[in-house]
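**Student:** coordinates only, no sequence provided:
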């Protein structure tokens, strides 16, 4: 007896290539990041009130939305910077320990990292995390394998470097 | 075709333990974001990147194995990460185009 593959309920749509831009304020050293879907990264210094922002880092990356194939609803993921694999975190951190335990059950743990500094920045809402989990688990074919994506309830956004996130930070120089 | 058989035919050097499974396709990319967006489960990922995030991406999309081209070596922590994720990684002195040609000749489409 053969099993027909189940139709995936979610699909990645509106894939946009662009850049993750990280800016730093000159006096307070506050940081913020955003996605720029432009052909070249907008690396410009500018004033905003009494603040002076300048580019800190930039890297190629992408953004996407997720479409529910049964209802047609599109869930935007503009605030998602990337996914952090637990094994890319330092040993001894909570995420690494949780990932290690999850791994024993064939579950690969990732944390959804969002843009920093914006007014609406914060962990990805649970509903969106559920959609991401459904999207990526729906793509798996290994029978025992599972992916578990968690919102960043750990404040990792402020602790990690972007090179730890599964995006193209530091990878495009080919060094 | 299974990974082990393909590796032997193409004279790929195993950098990790080999966790054998079917190779159902190939994806060639050096961008993690591109792999996450477009690679499919069961694809053999061919890349010049030997970074830990390549393993993170290959694991996320359930690639069957990774081939690192141009003779690049993997750091010990990347080898451990790949083995734990049961993603076999191979290295080859060939470049990506040469690797693509060999894969096509081996019947992987």
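**Tutor:** On my side now, so go ahead. A quick note: this is a predicted structure, and the numbers were derived from the prediction, not measured.
**Student:** alpha carbons only for contacts and neighbour counts from here, please
**Tutor:** OK.
**Student:** most centrally placed residue in chain A?
**Tutor:** Centroid-nearest residue in chain A: residue A:82, 1.8 Å away (criterion: Cα atoms, centre = their mean).
**Student:** hmm, residue A:8 and residue A:70 touching each other?
**Tutor:** No. Proximity of residue A:70 to residue A:8 does not meet the contact threshold set by Cα atoms under 8 Å, at 9.2 Å.
**Student:** who's more crowded, the two?
**Tutor:** Neighbours around residue A:70 and residue A:8, counted as other Cα atoms under 10 Å in any protein chain shown, are more numerous at residue A:8. The numbers are 15 against 10.
**Student:** now do the same contact list for residue 65.
**Tutor:** Using chain A. With contacts defined as Cα atoms under 8 Å, 6 or more residues apart in numbering or on different chains, residue A:65 is in contact with A:12, A:13, A:14, A:15, A:74, A:75, A:76, A:77, A:78.
**Student:** wait, chain B was what I had in mind.
**Tutor:** Counting by Cα under 8 Å, 6+ apart, residue B:65 touches B:3, B:43, B:44, B:45, B:58, B:87, B:88, B:89, B:90.
**Student:** how long is stretch A:128-148 from one end to the other?
**Tutor:** In stretch A:128-148, first residue to last residue: 13 Å (Cα to Cα, to the nearest Å).
**Student:** show me what the lowest-mean-pLDDT helix or strand in chain B is packed up against.
**Tutor:** Lowest on mean pLDDT, DSSP states H and E among the helices and strands of chain B sits helix B:32-38, with a mean of 91. Applying 3 or more Cα pairs under 8 Å, 6 or more residues apart in numbering or on different chains; DSSP states H and E, one finds that helix B:32-38 makes contact with strand A:51-68, helix B:52-60.
**Student:** at 7 Å what do you get?
**Tutor:** The contact analysis (3 or more Cα pairs under 7 Å, 6 or more residues apart in numbering or on different chains; DSSP states H and E) places helix B:32-38 against helix B:52-60.
**Student:** go ahead and name everything in contact with the helix it packs on.
**Tutor:** Residues from elsewhere that reach helix B:52-60 (Cα atoms under 7 Å, 6 or more residues apart in numbering or on different chains): A:85, A:166, B:32, B:35, B:36, B:78, B:82, B:85, B:87.
**Student:** ok, these vs residue B:8, which is closest?
**Tutor:** Nearest to residue B:8, judged by Cα to Cα, of the contacts of helix B:52-60 is residue B:87 at 17.1 Å.
**Student:** bridged to the nearest residue to that closest one once chain neighbours are set aside, which residues?
**Tutor:** Distances taken as Cα to Cα, 6 or more residues apart in numbering or on different chains place residue B:65 nearest to residue B:87, at 5.4 Å, with adjacent residues excluded. Per DSSP bridges, the residues bridged to residue B:65 are residue B:44.
**Student:** so where do the helices sit in the chain?
**Tutor:** Reading this off chain A. Ranges of helices in chain A, per DSSP state H, are A:94-103, A:126-139.
**Student:** actually it's chain B I care about, not the one you picked
**Tutor:** B:3-9, B:32-38, B:52-60, B:76-84, B:96-105.
**Student:** most packed of these?
**Tutor:** helix B:52-60 (a mean of 27; mean count of other Cα atoms under 10 Å in any protein chain shown).
**Student:** would you agree residue A:64 is in contact with residue A:17?
**Tutor:** No. Using Cα atoms under 7 Å, residue A:64 is not in contact with residue A:17, being 8.9 Å away.
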